[in-house]
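**Student:** Predicted model and sequence follow; I will ask about them next.
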Amino acid sequence: MAKLDFREEQFNGPIPGESMTIEPGKYPFDRPPQTTNAEEAINILFKSMSRPSATNKILDAMDEGVPIDSISNVLVQSMMGEGVIPVQLMPIITPSVLAILVHMAQKAGVKPVVSTEFRTNPAQNISPDDLSRGERQVVQAVETLESPEEDQGFMQKPEGM
């Protein structure tokens with residue numbers, strides 16, 4: 001029989017139902033959001049991403065192979081968790097955040113990685129007519145990133161022979 005490993009930190013999490021007993025507004029996401037305007041939210045995020053330390057961390061993550069869609073999800077979810085935007089605004093600004101990340105990568109000369117889930121299911125297989133202009137631009141940018149140049153393999157016969 002396997003030995004169970006209990007560590008103290010496993011039991012230091014919130015107790016189920018605890019959120020019903022604490023004072024309202026204690027956490028940032030319990031208060032009204034800082035903005036409900038998508039353009040304003042993107043500007044706030046862009047300003048924070050433009051700080052040299054943030055830019056370096058994002059580009060380092062891209063250079064290490066972290067998918068850009070994962071980076072954008074983390075950025076958008078942290079904005080919601082910090083009380084900057086409401087949950088409903090997350091899917092609206094995500095395509096713009098992806099477009100900013102693609103642009104950052106191109107300017108820095110970093111080849112961004114796109115996760116398999118995003119490649120096989122861009123925009124949740126919505127028809128192109130249902131996509132916003134920003135979402136279409138992101139899907140096009142991702143497709144451009146994924147179309148590798150024709151690679152001539154080691155054993156391939158050179159052209160003209």
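**Tutor:** Looks like it came in fine.

**Student:** okay, now Val87: neighbour count?
**Tutor:** By other C-beta atoms under 10 Å, the residues close to Val87 number 10. C-beta: built from backbone N, CA, C; applies to glycine.

**Student:** Who are the contact partners of it?
**Tutor:** If you count contacts by C-beta atoms under 8 Å, 6 or more residues apart in numbering, Val87 has them with Met80.

**Student:** Could you report the pLDDT at it?
**Tutor:** Val87 carries a pLDDT value of 91.

**Student:** Repeat that for the one 4 residues further on.
**Tutor:** With respect to pLDDT, Pro91 scores 90.

**Student:** For the helix or strand hosting it, could you pull out the residues that count as buried?
**Tutor:** Using DSSP states H and E, the element containing Pro91 is helix 90-108. Using 16 or more other C-beta atoms under 10 Å as the test for burial, helix 90-108 gives 90, 92-102, 104-105.

**Student:** Give the other helices and strands that it contacts.
**Tutor:** The elements that helix 90-108 packs onto, with contact taken as 3 or more C-beta pairs under 8 Å, 6 or more residues apart in numbering; DSSP states H and E, are helix 38-49, helix 52-63, helix 68-81, helix 133-146.

**Student:** how about those, which one is nearest Met20?
**Tutor:** Across those, Met20 has its closest neighbour in helix 68-81 (19.4 Å, C-beta to C-beta).

**Student:** buried residues in the closest one?
**Tutor:** Buried residues in helix 68-81 (16+ other C-beta under 10 Å): Ile68, Asp69, Ile71, Ser72, Asn73, Leu75, Val76, Met79, Met80.
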